[in-house]
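Peer 1: Here is the input, now give the coordinates:
(4 chains)
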Number of protein chains: 2
Amino acid sequence: MARSRNTEQKIFDAATELFLEKGVDRTSVREIAAKADINLALMNYYFRSKENLFSAIFSSLVKTNSEELIRILDSNLELEEKIRQYVSVYIDMLSENPLLVSFVMAILHRSRERITEMKAVSSLYATEKFTQQVLEEGKKGNIRRTDPSQLFVDMLSLIAFPFAIKMLIIDKNNFTDKDFQVFIKERKKRIPEMLIDSLRLKP
Amino acid sequence: MARSRNTEQKIFDAATELFLEKGVDRTSVREIAAKADINLALMNYYFRSKENLFSAIFSSLVKTNSEELIRILDSNLELEEKIRQYVSVYIDMLSENPLLVSFVMAILHRSRERITEMKAVSSLYATEKFTQQVLEEGKKGNIRRTDPSQLFVDMLSLIAFPFAIKMLIIDKNNFTDKDFQVFIKERKKRIPEMLIDSLRLKP
DNA sequence: TTTTTTTTTAAAACATTGTTTAAAACAAAA
DNA sequence: TTTTGTTTTAAACAATGTTTTAAAAAAAAA
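Peer 2: Numbers count the residues shown, from 1 in each chain, chains lettered A, B, ... in the order given. The predicted structure follows:
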């Protein structure tokens, strides 16, 4: 008979929440068991080890949140519109899951091996078409000649970093969570403008 | 007599290195003791607890690396030059200590209480003059009217984030460490241009 | 030198972690 | 119902973590 999807899912969900909130290393399996309201040993029964559970969760998170972004990057949209959509979708995604950036960065710092797992799924590794477009438009003289890698890192930085320092921004500006949302929403307009500005040919 | 600065320093230095490299939670006090070549109990003798040691190190790191930045922000340089210098100095600093960003972010994710400790020292909290300049230049019509907080976050993001995802950038582009340095050096020109571009009045 | 204080040591106490075991409870199939 | 296989449980285990203790060694003060 199929394993109780119910219990397995309960563990997965509880662990996801805790890992995002407190980080993997500060979350004990006992805590996960308590939150999932299951017996301690069931974690090992279903996932063999904590590290394994973490790996499953990490892959799932990255994958879930990358598919749409990859689709945009691979699409035939013209460069400007592609940038607008990528920024918009990415920011919406992170707004819904603001802990994601910190989590991924913590993992990046914690276990470099995890990089491999990201390759297959992260939108960072799906920039071929984007790169090609930037080079082509540059050649045509439609935009300033630009290193596509730099442009992509700019974009990523402007999108993601504010979420990584969310707490600092909130604290510094005496923001409520709502204020932060407004702040971020503003960036959905601001970032594409900035990037496209930087591509515009000087008169 | 004063406590043996020597031993205390040895512990401090060994722990700093390990915390930066592997993160606080994955560094054991036994490891610190081994690396510092001291008896295990001395860590407690000098710093009372691992958490306390960490706190000392964190404050020191943030402080050391913020003083010059704060000085620039508080200076009377005109806005454009201030941006150029801030970016340049900040990038140089992170280049010398590339693990700093990941470390601070991991901490931000790990212990929100630490935010308090940053207030007194982080350059993020010394933007008063900068803010004032942006508003003033905007009023005078010398630059586009801009939310200073947004501009500052842009600047910070463009500077810091690439270091946080250094491993991804290296891996994705098949960079050597030297390549990464070149990539970053390029950004020292690129970032100020981008920011100043975004402030320029449209024709 | 003797006394006092500071620093270092080895040992062990103590807590918590992730994992395993072996039996019990349960559900499905025969 | 009996059998079979799956899921759950409580308890134990082994490893590793941090902190404390109490005595030894070293250094400074008297």
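
Peer 1: where does chain A come near DNA strand C, residue by residue?
Peer 2: By Cβ under 7 Å from any atom of the strand, the part of chain A that sits against DNA strand C consists of A:1, A:27-31, A:40-41, A:43-44, A:48-51. All C-beta spots, glycine's among them, are computed from the backbone N, C-alpha and C.

Peer 1: So which of those residues are in strands?
Peer 2: Per DSSP state E, strands hold no members of those.

Peer 1: Looking at the residues you listed, spot the one nearest DNA strand D.
Peer 2: Comparing the residues of chain A next to DNA strand C against DNA strand D with Cβ to the nearest atom of the strand places residue A:41 closest, at 3.5 Å.

Peer 1: what domains does the record give for chain A?
Peer 2: Residue ranges for the domains of chain A, per automatic domain parsing: A:5-54, A:65-199.

Peer 1: Considering the residues of chain A next to DNA strand C, which possesses the most neighbours?
Peer 2: Highest neighbour count within the residues of chain A next to DNA strand C: residue A:43, with 23 neighbours (other Cβ atoms under 10 Å in any protein chain shown).

Peer 1: Local confidence estimate at it?
Peer 2: pLDDT recorded at residue A:43 is 97.

Peer 1: Also residue A:76?
Peer 2: For residue A:76, the model assigns a pLDDT of 98.

Peer 1: Now do the SS call for it.
Peer 2: Using DSSP: H, G, I helix; E, B strand; the rest coil, the structure places residue A:76 in coil.

Peer 1: For chain A, give me the ranges with low pLDDT.
Peer 2: By pLDDT under 70, the weakly predicted segments of chain A are A:1-5, A:121, A:203.

Peer 1: which one's the longest helix in chain A?
Peer 2: The longest helix of chain A (DSSP state H) is helix A:177-199.

Peer 1: what's the closest of the residues of chain A next to DNA strand C to residue B:101?
Peer 2: For the residues of chain A next to DNA strand C, the residue nearest residue B:101 by Cβ to Cβ is residue A:27; the value is 23.5 Å.

Peer 1: which residues sit in contact with the closest one?
Peer 2: A:15, A:18, A:19 (Cβ atoms under 8 Å, 6 or more residues apart in numbering or on different chains).

Peer 1: Going by neighbour count, which of these comes out on top?
Peer 2: residue A:15 (25 neighbours).

Peer 1: now it: how far from residue A:21?
Peer 2: With distances taken as Cβ to Cβ, to the nearest Å, residue A:15 is found 11 Å from residue A:21.

Peer 1: sorry, back to before: in CSV, list the contacts of residue A:27 along with secondary structure.
Peer 2: Formatted as CSV, those follow (three-state DSSP):
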residue, secondary structure
A:15, helix
A:18, helix
A:19, helix
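
Peer 1: possible to save those residues as JSON lines with distance to residue A:201?
Peer 2: Below are those laid out as JSON lines (distance: Cβ to Cβ, whole Å):
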{"residue": "A:15", "distance to residue A:201": "51"}
{"residue": "A:18", "distance to residue A:201": "50"}
{"residue": "A:19", "distance to residue A:201": "46"}
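
Peer 1: For chain A, which segments count as strands?
Peer 2: Going by DSSP E, chain A shows no strands.

Peer 1: For it, which segments count as helices?
Peer 2: Using DSSP H, the helices of chain A run over residues A:5-22, A:29-36, A:41-47, A:50-64, A:67-74, A:79-96, A:100-110, A:114-119, A:128-140, A:148-164, A:166-172, A:177-199.

Peer 1: is it possible to export these to a markdown table including distance to chain B?
Peer 2: Conversion of those to a markdown table gives the following (distance: least, Cβ to the nearest Cβ, whole Å):
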| stretch | distance to chain B |
| --- | --- |
| helix A:5-22 | 8 |
| helix A:29-36 | 14 |
| helix A:41-47 | 19 |
| helix A:50-64 | 12 |
| helix A:67-74 | 13 |
| helix A:79-96 | 13 |
| helix A:100-110 | 4 |
| helix A:114-119 | 5 |
| helix A:128-140 | 11 |
| helix A:148-164 | 4 |
| helix A:166-172 | 5 |
| helix A:177-199 | 5 |
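
Peer 1: which one is residue A:118 nearest to, not counting chain neighbours?
Peer 2: Spatial nearest neighbour of residue A:118, chain neighbours left out: residue A:62 (5.8 Å); criterion: Cβ to Cβ, 6 or more residues apart in numbering or on different chains.

Peer 1: count of neighbours near that neighbour?
Peer 2: Neighbours of residue A:62 (other Cβ under 10 Å): 21.

Peer 1: Kindly report the same for residue A:178.
Peer 2: Residue A:178 has 8 neighbouring residues, counting by other Cβ under 10 Å.

Peer 1: circling back: with distance to residue B:133 added, can I get the helices of chain A in CSV?
Peer 2: Formatted as CSV, the helices of chain A follow (distance: least, Cβ to Cβ, whole Å):
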stretch, distance to residue B:133
helix A:5-22, 38
helix A:29-36, 48
helix A:41-47, 54
helix A:50-64, 40
helix A:67-74, 36
helix A:79-96, 28
helix A:100-110, 30
helix A:114-119, 40
helix A:128-140, 33
helix A:148-164, 22
helix A:166-172, 18
helix A:177-199, 19
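
Peer 1: and residue B:11, which of those is closest to it?
Peer 2: helix A:100-110 (22.5 Å).

Peer 1: for that closest one, packing partners?
Peer 2: Using 3 or more Cβ pairs under 8 Å, 6 or more residues apart in numbering or on different chains; DSSP states H and E, the elements in contact with helix A:100-110 are helix A:5-22, helix A:50-64, helix A:79-96, helix A:114-119, helix A:148-164, helix B:100-110.

Peer 1: thinking again about what came up before, tell me which of the contacts of residue A:27 is nearest to residue B:81?
Peer 2: Using Cβ to Cβ, residue A:19 is the member of these that lies nearest residue B:81, at 44.3 Å.

Peer 1: From residue B:190, how far out is that closest one?
Peer 2: From residue A:19 over to residue B:190 the distance is 35 Å, taken as Cβ to Cβ.

Peer 1: and what of residue A:157?
Peer 2: Here residue A:157 is placed at a distance of 11 Å from residue B:190 (Cβ to Cβ).
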